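*Asks:* using only what follows, build the 3D model:
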Amino acid sequence: MTPRLPLIALGIAALLAVPTAGALDDLATARADRDTARADATTIPAAVAVAGAAFPADNAADAARRLAARVRADAARGGVLIESLAADPAAPAPLAILTLRVSGSEKALVAFADLLERGGPPVRMAAWRLTSGPGGVQLDARLVAPWRG
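*Replies:* Have a look, this model is predicted:
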């Protein structure tokens with residue numbers, strides 16, 4: 001073995017140490033960001049209901065009735081057929097939750113869903129599914145809206 005070979009290997013190792021240290025710093029930063037994101041994901045979000053953007057209602061049943069009336073009006077305006085509309089009695093106090101099934105043309109259902117989510121007070125589809133059926137499309141959704149007393 002020549003005396004130069006260990007010196008060459010030592011030089012190459014020194015040259016590779018700089019990018020390796022940078023990569024290890026990037027890895028540590030990425031792991032810290034991941035841990036922060038996990039911690040943020042496990043925290044309970046702030047209350048959904050904002051006083052100015054909620055249905056005014058006397059109680060949970062009244063809020064569900066008002067939300068159902070709005071859904072029926074939007075469906076009639078959009079030309080979609082409501083097949084079922086039921087309130088969730090186990091909804092938490094500041095939320096009105098409805099289970100909805102409507103059918104119609106794809107264009108009408110998309111416009112109906114857009115009208116629900118963009119109109120005021122806000123209504124969000126917590127879960128939804130579009131399926132093709134005879135004569136059109138069917139939308140199954142779980143609607144959530146905040147209310148205030």
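
*Asks:* quick one: buried residues of the longest helix along the chain?
*Replies:* Ranked by residue count under DSSP state H, the longest helix found in the chain is helix 4-42. Under the neighbour-count criterion of 16 or more other CB atoms under 10 Å, helix 4-42 has nothing buried. C-beta here means a position set from N, CA and C on the backbone, and glycine is covered the same way.

*Asks:* same question for stretch 83-99.
*Replies:* Those would be 85, 87-88, 91, 94-98, for stretch 83-99 by 16+ other CB under 10 Å.

*Asks:* so which of the residues you listed sit within helices?
*Replies:* Per DSSP H, the buried residues of stretch 83-99 never map to helices.

*Asks:* out of those, flag the one nearest to Asp58.
*Replies:* Nearest to Asp58 out of these is Ala96 (CB to CB; 12.1 Å).

*Asks:* tell me who's in contact with that closest one.
*Replies:* Neighbour list for Ala96: 55, 57, 60, 63-64, 66-67, 87, 144-147 [criterion: CB atoms under 8 Å, 6 or more residues apart in numbering].

*Asks:* by mean pLDDT, point me to the weakest helix or strand of the chain.
*Replies:* One helix or strand of the chain scores below all others by mean pLDDT, DSSP states H and E: strand 55-56, with a mean of 78.

*Asks:* after that one, next one along is what?
*Replies:* Going down the chain from strand 55-56, the next helix or strand is helix 60-78, by DSSP states H and E.

*Asks:* so what touches that following helix?
*Replies:* 55-57, 81-82, 85, 87-88, 91, 93, 96-98, 100, 102, 104, 108, 111-112, 115-116, 119, 123, 143, 145, 147.

*Asks:* next, format the contacts of Ala96 as CSV and append distance to Asp25.
*Replies:* Converted to CSV, the contacts of Ala96 look like this (distance: CB to CB, whole Å):
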residue, distance to Asp25
Phe55, 51
Ala57, 54
Ala60, 53
Ala63, 52
Ala64, 54
Arg66, 56
Leu67, 52
Ala87, 54
Val144, 43
Ala145, 47
Pro146, 44
Trp147, 50
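
*Asks:* which of these are buried, as a ChimeraX select command?
*Replies:* Here is the ChimeraX command that selects only those of the contacts of Ala96 that count as buried (16+ other CB under 10 Å):
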select :55,57,60,63,64,66,67,87,144,145,146,147
